[in-house]
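> this is a predicted model, with the sequence first.
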Amino acid sequence: MAKSFYHFLMRYRHPEPKDEISLFANHAYQDHSFPKTNTNYDQLSSYLELNGTYLKSMRVFDEAWDLYLTHELKK
């Protein structure tokens, strides 16, 4: 995949988050340790399980990941 998950997620950043994915994007932006160049689901999932205290549920990550795959596979 050409674009990292983080780069894709940043399109959902918003000063007033309208949904859980926007809130996730805002928190990921503030997480200076977030694996910004990673495109691997398992590695990102493991990172978030250990460090993503800002996620209410890993379901939010899974939804964002599905959007990422859909977007990247269209190319």
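Received the coordinates, thanks. Not measured: the values here are computed from a predicted model. Residues are numbered from 1 along each chain as shown.
> closest to the centroid, which residue in this protein?
L9 (4.9 Å; CA atoms, centre = their mean).
> which stretches of the chain form helices?
5-9, 20-30, 41-51, 58-73 (DSSP state H).
> could I get those as TSV with mean pLDDT?
Supplementary listing: the helices of the chain in TSV, determined by pLDDT from 0 to 100:
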stretch	mean pLDDT
helix 5-9	97
helix 20-30	97
helix 41-51	98
helix 58-73	96
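> using CSV, list the CA coordinates for stretch 18-29.
Extracted in CSV, the C-alpha atoms of stretch 18-29 (Å, rounded to 0.1, in the frame of the first residue of the first chain):
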residue,chain,number,x,y,z
LYS,A,18,-17.9,14.5,14.8
ASP,A,19,-17.5,10.7,15.3
GLU,A,20,-15.2,8.1,16.9
ILE,A,21,-12.9,7.9,13.9
SER,A,22,-12.3,11.7,14.0
LEU,A,23,-11.6,11.5,17.7
PHE,A,24,-9.2,8.6,17.0
ALA,A,25,-7.4,10.6,14.3
ASN,A,26,-7.0,13.6,16.7
HIS,A,27,-5.6,11.4,19.4
ALA,A,28,-3.3,9.6,17.0
TYR,A,29,-2.0,12.9,15.8
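> can you list contacts of it?
With CB atoms under 8 Å, 6 or more residues apart in numbering as the test, stretch 18-29 has contacts from 6, 9-14, 17, 34, 52, 54-56, 60-61, 63-64, 67. (C-beta placed from N, C-alpha, C; glycine too.)
> now a ChimeraX select for only the buried ones of those residues.
In ChimeraX, a selection of the buried entries from these looks like this (16 or more other CB atoms under 10 Å):
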select :6,9,12,13,34,52,55,60,61,64
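> ok so, going back, most tightly surrounded among the helices of the chain?
Stretch with highest mean neighbour count among these: helix 5-9 (a mean of 20; mean count of other CB atoms under 10 Å).
> which other helices and strands contact that one?
Packing contacts for helix 5-9, counted by 3 or more CB pairs under 8 Å, 6 or more residues apart in numbering; DSSP states H and E, involve helix 20-30, helix 58-73.
> got those helices as TSV, with distance to L44 columns?
Listed next are the helices and strands packed on helix 5-9 as TSV, based on distance: least, CB to CB, whole Å:
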stretch	distance to L44
helix 20-30	10
helix 58-73	7
